[in-house]
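**Student:** Return atomic coordinates for the entry below.
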Amino acid sequence: MSKKPSPSLPDELTPYVAPFRFDGTGEFHLKSYPTAEKGGIDKDAGSRIIEANRKRLNDFQEKLYAQDRWSMLLIFQGMDAAGKDSAIKSVFEGVNPQGCEVVSFKQPSAEELDHDYMWRAMTALPERGRIGIFNRSYYEECLIVRVHPQVLAKQKMPKRLVTKNIWRERFEDISAIERYLSRNGTVILKFFLNVSKAEQRQRFLDRLEEPAKNWKFSMADISERALWAKYQAAYQDMIHHTATRDAPWHIVPADHKWFARVVIGSTIVAALDRLDLAFPEVDKAEKSEFKRIRDALLAEGKETEKRKPVAVKK
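**Tutor:** This is a model prediction of the structure:
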């Protein structure tokens, strides 16, 4: 009886990727994505997948860096306390920092406000061979700016350009830029960490009650929490209009941090596997040169051994 063939890596990881992926095909309703999903596994099984994905990611990242052809852009969005920072730290634990860079976009500086809203993100894009991680991103321009119109007023845009169509126009511009990046070798994966309002409340309480987490708490978080419904509506519209096959969104169940890390790590690893990454091959001329250098180093070692003084027994 013949053995059943082992599933490919993407097939193995599909249960933790496909249910949460939206590429713009069909309708999208944020409420249709549960925040407390566990994918039919428990935390112990999840921990094994997380660890396996770390090893796979480390291997793929080394090949990505050595091949120097593709780049990868990972975008993380979510409400306060959704777990973006800890997810990034966990998924990339042990990965060579030489090939990865995390960029956190804060309130725009005076210099940044003198440019278009995409400028600062464009200057931070990953080089070929590298993984760039945006902890929040240019999508804030369709989220916080939309929820707080006074922020848009500070962006120095000509008044005639600020119309009722501005958000649809931004969706179109962002999608066009992402399509351009994709066509030039940047793999784009976007993650929305979908946390429930109840779980956010508990995490805020943890920050207040645990001294080691006090520094994470901000009164501004509570002010933004009061606008929960507006933010959910903004995310719904944004994901619906900016998810494409070139740059899909992944709506990550974030109430259980361990499962969020299973989904994120599996998505990244499966995407890297599809790139057929490999270390560059050495041509015949280089191999010949390597042999010459190797022979010289071996001969040098033998000469050193000959010159060692012989110990005299007393």
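
**Student:** any idea where the strands of the stretch 101-250 of the chain begin and end?
**Tutor:** All strands of the stretch 101-250 of the chain, identified by DSSP state E, counting those that start in this stretch, fall at 131-135, 186-194, 249-253.

**Student:** Which among these is found nearest to D114?
**Tutor:** Closest of the strands of the stretch 101-250 of the chain to D114 is strand 131-135, at 21.3 Å (criterion: Cβ to Cβ). (Each C-beta comes from the backbone N, C-alpha and C, glycine too.)

**Student:** Run the chain-centre distance for the closest one.
**Tutor:** 5 Å (Cα atoms, centre = their mean, to the nearest Å).

**Student:** Which helix or strand contains R292?
**Tutor:** Here R292, judged by DSSP states H and E, is contained in helix 284-307.

**Student:** so how many other residues sit close to V262?
**Tutor:** The tally of other residues near V262 (other Cβ atoms under 10 Å) stands at 29.

**Student:** Run through the residues that contact it.
**Tutor:** V262 makes contact with Y16, G39, I41, G46, I49, I50, N53, according to Cβ atoms under 8 Å, 6 or more residues apart in numbering.

**Student:** redo that, cut-off 6 Å
**Tutor:** Neighbour list for V262: Y16, G46, I49 [criterion: Cβ atoms under 6 Å, 6 or more residues apart in numbering].

**Student:** Pick the one among those closest to W249.
**Tutor:** Of those, the one sitting nearest to W249 (Cβ to Cβ) turns out to be Y16, at 15.7 Å.

**Student:** helices or strands up against the helix or strand harbouring A45?
**Tutor:** Assessed by DSSP H and E, A45 sits inside helix 43-67. Judged by 3 or more Cβ pairs under 6 Å, 6 or more residues apart in numbering; DSSP states H and E, helix 43-67 is in contact with helix 257-273.

**Student:** can you give me the offset of the helix it packs on from its chain's centre?
**Tutor:** In terms of Cα atoms, centre = their mean, the centre of helix 257-273 is found 9 Å from the chain centre.

**Student:** Now do it and strand 131-135, the angle between them.
**Tutor:** 150 degrees (axes from the mean of the first three to the mean of the last three Cα atoms, to 10 degrees).

**Student:** Tabulate the CA atom coordinates of helix 257-273 in CSV.
**Tutor:** Only the C-alpha atoms of helix 257-273 are listed here, as CSV (Å, rounded to 0.1, in the frame of the first residue of the first chain):
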residue,chain,number,x,y,z
LYS,A,257,-3.1,36.3,21.1
TRP,A,258,-1.6,32.9,20.5
PHE,A,259,-4.0,32.1,17.6
ALA,A,260,-3.4,35.6,16.1
ARG,A,261,0.3,34.6,15.9
VAL,A,262,-0.6,31.3,14.3
VAL,A,263,-2.5,33.1,11.5
ILE,A,264,0.1,35.8,11.0
GLY,A,265,3.1,33.5,10.9
SER,A,266,1.3,30.9,8.7
THR,A,267,0.3,33.7,6.2
ILE,A,268,3.8,35.0,5.9
VAL,A,269,5.5,31.6,5.6
ALA,A,270,3.0,30.4,3.0
ALA,A,271,3.6,33.6,0.9
LEU,A,272,7.4,33.2,1.1
ASP,A,273,7.2,29.5,0.2
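
**Student:** rewinding a little: check which residues of the helix holding A45 are buried.
**Tutor:** Residues of helix 43-67 classed as buried by neighbour count (16 or more other Cβ atoms under 10 Å): 46, 49-50, 52-54, 56-57, 60-65, 67.

**Student:** picking up where we left off before, kindly reformat the contacts of V262 as a markdown table containing pLDDT and distance to Q232.
**Tutor:** As requested, the contacts of V262 are exported to a markdown table (pLDDT from 0 to 100; distance: Cβ to Cβ, whole Å):
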| residue | pLDDT | distance to Q232 |
| --- | --- | --- |
| Y16 | 98 | 24 |
| G46 | 98 | 26 |
| I49 | 97 | 29 |
